[in-house]
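quick check, what structure comes out for this input:
(chains A and B)
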Amino acid sequence: MTEGFENLAADPTDPTHQFQIFRIVPIHIGNLDLSFTNSSLFMVLTVAVASAFLYFTTGGRSLVPSRMQSVSELSYEFIANMLRDATGTAGMRFFPFVFALFMFVLVANLFGMVPYFFTITSHLIVTFALAVLVIGVVVVYGLMKHGTHFFGIFVPSGVPAVLIPLVAVIEVISFLSRPVSLSVRLFANMLAGHITLKVFAGFVVSLSALGALGIGGAILPLIMTVALTALEFLVAALQAYVFAVLTCMYLNDAIHPGH
Amino acid sequence: MFVTQAFAQAENAEGDAIHLPPSDEAAAAHGETVHVEGEHGVFPPFNSEFYASQVFWLAITFAIFYVVLKKTVLPRIGGIIENRRERIALDLEAAGRMKSEADAAQAAYEQELAEARAGSHKIAQDARDAAKADATRERASIEADLDARLEAAQARIGEIKRQALADVGTIAEEAAETILRDVAGLDVSRDDVARAVAAERV
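Sure, this is the predicted structure:
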């Protein structure tokens, strides 16, 4: 654990150091390494902070909400409206799922904006696991609800019979690429943003080590870093939103397969 | 030379003990270094070493998060919003009811006001009529009284006039007698004078 923290501090300008995972509590079960790592720590923190915020801000149950309570209520209504618009009232059974996804990704992304914090969504395996979870829910619910009828999503209506095999193949490929695009979009946005931020911040450190002229020259990357920080906050929220919107659209396929 | 070889062998054994891939002799000889290289050489997000751990802890934390939201947080927020919506609907309904009550009260008030106005108008009219009748009656009685007194007065005037006229005859008789006696020196009887005066006057 201490070794990991030392590694973090070892090279302040290395842009990939922030993505380094290290074990805090090594756990080995069989051949699997299920160690509690810094990534796991921030997953736990994300869940704890998000749950605590939602739980304690709504504790008053005020008729006229306090500022914090209205933040919780707004996020609730935001996701509820989004899901209702995309899937109709039949989709509201997935509301806890979509809300949990949105809050988890949002809080994880925003946590990544705190210096020295680990960004769990900057690892492809995490976003891919979430995307596979979404597609898994879509497929399982679609098959349970509609049986083989669910495969109708691969055959758009109004297509000439000759073209159906071709269109179906394209539809299948596009369906299979959904988990990939869903996960890569989030992962790549977070990764690229954090690397860019680190590179520009690194310029500030390297340049200011060069004396008076360097400090003067460091102003430019410093301005860039400030601007990028603002942009990254936007991206953090936007990507959580995009993830939730796409989840809603995919769920709509499971609920209303004929399109 | 021998010592170095033995040291290498010892390190080799140590390398085997921590399950490093024994394929590369050189790598095994510098076991610890290779291990660190493996950890830091790969771009961290593509380092498969922690895939299992990440998926495992993601599953646990996300499942807990989902359950906490579904069981506690979302019903609570949903309840708050629903409660508020109901409260607003109730308040609106109450406001509507009160407004219709107010409208009814106003209508009743206006009707009452109109009735009262009509009543007061009638009372005023009655009073005016009564006053007018009284005045008319009073005037009639006063006029009758005045007429009666006028008549009485005229009767008295007539009486007095007749009286006066009657007195005129006597005065004329006396004057004529006096004239006859004192001027003409005639002694005429009173009756003759009276006859003559009466004859003259008619």
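
confidence score at B:Ala166?
Per-residue confidence at B:Ala166 stands at 82 (pLDDT).

tell me the phi and psi of it?
Backbone torsions for B:Ala166, taken as degrees, to the nearest 10, come to phi -60, psi -40.

now the closest residue to chain B within the stretch 151-259 of chain A: closest residue in space that isn't a chain neighbour?
Using Cβ to the nearest Cβ, the single residue of the stretch 151-259 of chain A nearest to chain B is A:Leu191, 6.2 Å away. For the C-beta atoms, the positions are set from N, CA and C on the backbone; glycine is no exception. Beyond its immediate neighbours in the sequence, the residue positioned closest to A:Leu191 (Cβ to Cβ, 6 or more residues apart in numbering or on different chains) is A:Ser122, lying 4.7 Å away.

tally of neighbours for the one you found?
One way to gauge burial is a neighbour count; for A:Ser122, by other Cβ atoms under 10 Å in any protein chain shown, it gives 26.

report the contact partners of A:Val138.
A:250-251, A:253-254 (Cβ atoms under 8 Å, 6 or more residues apart in numbering or on different chains).

meant to ask about A:Val245, not that
Remark: with contacts taken as Cβ under 8 Å, 6+ apart, A:Val245 is in contact with A:82, A:86.

which helix or strand contains it?
Taking DSSP states H and E as the criterion, the element that holds A:Val245 is helix A:219-255.

residues of that helix that come out buried?
A:221-222, A:224-225, A:228-229, A:232, A:235-236, A:239-248, A:250-255 (16 or more other Cβ atoms under 10 Å in any protein chain shown).

go on, stretch B:165-178?
Neighbour-count burial for stretch B:165-178 flags B:172-173, B:176-177 (criterion: 16+ other Cβ under 10 Å).

now the helices: where do they sit in the stretch 101-250 of chain A?
Using DSSP state H, counting those that start in this stretch, the helices found in the stretch 101-250 of chain A span residues A:124-146, A:164-208, A:212-217, A:219-255.

just list what the strand or helix carrying B:Asp191 packs against, helices and strands only.
When elements are assigned from DSSP H and E, B:Asp191 belongs to helix B:190-201. Judged by 3 or more Cβ pairs under 8 Å, 6 or more residues apart in numbering or on different chains; DSSP states H and E, the packing partners of helix B:190-201 are helix B:74-179.

what angle separates the helix it packs on from helix B:190-201?
Calculated by axes from the mean of the first three to the mean of the last three Cα atoms, to 10 degrees, helix B:74-179 forms an angle of 130 degrees with helix B:190-201.

is helix B:74-179 anywhere near chain A?
Yes - with Cβ under 8 Å from any Cβ of the partner chain as the threshold, helix B:74-179 lies in contact with chain A, specifically through B:74, B:76-81, B:83-84, B:87.

excluding sequence neighbours, find me the nearest residue to the residue sitting nearest the centre point of chain A.
Closest to where the C-alpha atoms of chain A average out (Cα atoms, centre = their mean) is A:Val105, at 3.8 Å. In this structure, A:Val105 finds its nearest non-sequential neighbour in A:Ala240, 4.2 Å apart by Cβ to Cβ, 6+ apart.

and what of A:Phe95?
A:Leu83 (5.7 Å).

quick one on the thing from earlier: quick check: the residue nearest to A:Val105 vs A:Val134, distance?
Going from A:Ala240 to A:Val134 by Cβ to Cβ, to the nearest Å gives 13 Å.
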